[in-house]
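Trainee: got a predicted model here, sequence first, then my questions.
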Amino acid sequence: MKLKRYIFITILAIAGIGISCRDESLYPLPYDDREVGAYMRLYSLSSNVFDLNNLANSGLDAVFEAVDGNGGNDLAELRIFVRHRRGTALTSEVAVKTIPASDFSDVPEPTYSEYRRARVRVTANETLAALAGATGFPGSLLAADQIIYRSVMVLTDGREFTNTNTTPNITGGQFYSASFLYTLVVRALTANTWLGNFSLTQTAIWSPNHSPALHASAQFPAYLNQVLFPNQTVNLSIPAGGLSTEREFSVNYRGQTVTMRINLENGTVYVPLQNSTVNCTSERQLYWTQPAGGSFAGSSALQAGLPQVTTPNVGSYNVAQGAAVGNILTIGVDDDADEYGRRNGYCTWVRRVRLTLTKL
């Protein structure tokens, strides 16, 4: 009996040694040492346009997030290239800027990002200087021209990732948002417009995930119909060091004074992803982002505060106006998005808010 027990224990010991000394060459997949890729997330873009009337204060202005298996620390550098399109005529591509890994840094709390980010600006002047060496460049910009930037993510092991070696899963969607291609359109903004004091009114609020029928039903939660932005006077200005098409203003939001930024884009009011800085929980803050296009089919059957008529999701302005008293600008903003602009909501269901600003 003792002999059998000894033999059994010996077999277990040998098996244990065999398990602890695994031959990884026999694995169907190299789980512990597999090579992983990387992508460069376009976390936030300030503008989609160049201002033809103020090229000195135009350019690609964005926050990039390096995503790899080592928290973004495998990045060696980010290279930016550019080409120009007018109609069907497309120039050759030329290098315009290189951003070293040292420009990328950890994101301060509160955040759940484990990756490193950098704010990158490629000015219009830098772009034009680079395009001067491109084959086919006409020498200057006109309205409706396109400036097409392409990025290349270079890792410390020498591998490169760009638009030619990625997948639709990575290029599309708000979360990944890593197309490696960024197209800005040349537009002309009338100087000294949409500046100064405006009255601000929250004219509608609704859930982009609900149909008009659901909004009208008793199932629609009353707490979704709230005044997040009380009636007030705000002052629109160009941010210090900002783009000429950008506007910012201090606003009373959820009982706190915070800063909102918008961008004027040929009749459309664009809202870049931004942190409102208002706490949602002890570890989360409320974010704003750009609504999807289209309209919400409101009606008089909905309660006050909800859209009473068909309401565009995205805000707008008249490109020929902005300086005269009574001129109106509207802003559409998705409230309580998450840190990557996904409309999940940290505290409540995401709500789409429409603001009306009237020049005083």
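Mentor: Great, that's in hand. Everything numeric in this text was worked out from a predicted model, so none of it was measured.
Trainee: pairing partners for the helix or strand containing Arg83, with directions?
Mentor: Element membership of Arg83 [criterion: DSSP states H and E] is strand 75-86. Using DSSP bridges, strand 75-86 pairs in its sheet with strand 89-90 (antiparallel), strand 94-100 (antiparallel), strand 146-155 (antiparallel).
Trainee: how far does it sit from the chain's center?
Mentor: 19 Å (C-alpha atoms, centre = their mean, to the nearest Å).
Trainee: list the buried ones in it?
Mentor: Leu75, Glu77, Leu78, Arg79, Ile80, Phe81, Val82, Arg83, His84, Arg85, Arg86 (16 or more other C-beta atoms under 10 Å). (Glycine included, C-beta is placed from N, CA and C.)
Trainee: dump the residue contacts of Trp194.
Mentor: Trp194 makes contact with Leu236, Arg247, Leu264, Tyr317, Gly322, Asn327, Leu329 under the criterion C-beta atoms under 8 Å, 6 or more residues apart in numbering.
Trainee: please parse the protein into its domains.
Mentor: 39-187, 196-359 (automatic domain parsing).
Trainee: any chance of those in a markdown table, plus mean pLDDT?
Mentor: Supplementary listing: those in a markdown table, determined by pLDDT from 0 to 100:
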| stretch | mean pLDDT |
| --- | --- |
| domain 39-187 | 92 |
| domain 196-359 | 92 |
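Trainee: if we can go back for a sec, okay, the strands paired with strand 75-86, which one's buried deepest?
Mentor: Most buried of the strands paired with strand 75-86 by mean neighbour count (mean count of other C-beta atoms under 10 Å) is strand 146-155; its value is a mean of 20.
Trainee: so what touches the helix or strand that it is followed by?
Mentor: Next along the chain after strand 146-155, taking DSSP H and E as the criterion, comes strand 160-161. By C-beta under 8 Å, 6+ apart, the residues outside strand 160-161 that reach it are Gly37, Ala38, Tyr39, Met40, Val152, Met153, Val154, Leu155, Phe180.
Trainee: and with 7 Å instead?
Mentor: Under the criterion C-beta atoms under 7 Å, 6 or more residues apart in numbering, residues Gly37, Ala38, Tyr39, Val152, Met153, Val154 lie in contact with strand 160-161.
Trainee: now swap in stretch 77-86 and tell me
Mentor: Contacts for stretch 77-86 (C-beta under 7 Å, 6+ apart): 40, 64, 90-101, 122, 127, 130-131, 134, 137-138, 142, 145-154.
Trainee: that older thread, in PyMOL, how would I select just the buried ones from the contacts of Trp194?
Mentor: Per 16+ other C-beta under 10 Å, the buried members of these correspond to this PyMOL selection:
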select buried, resi 236+247+264+317+322+327+329
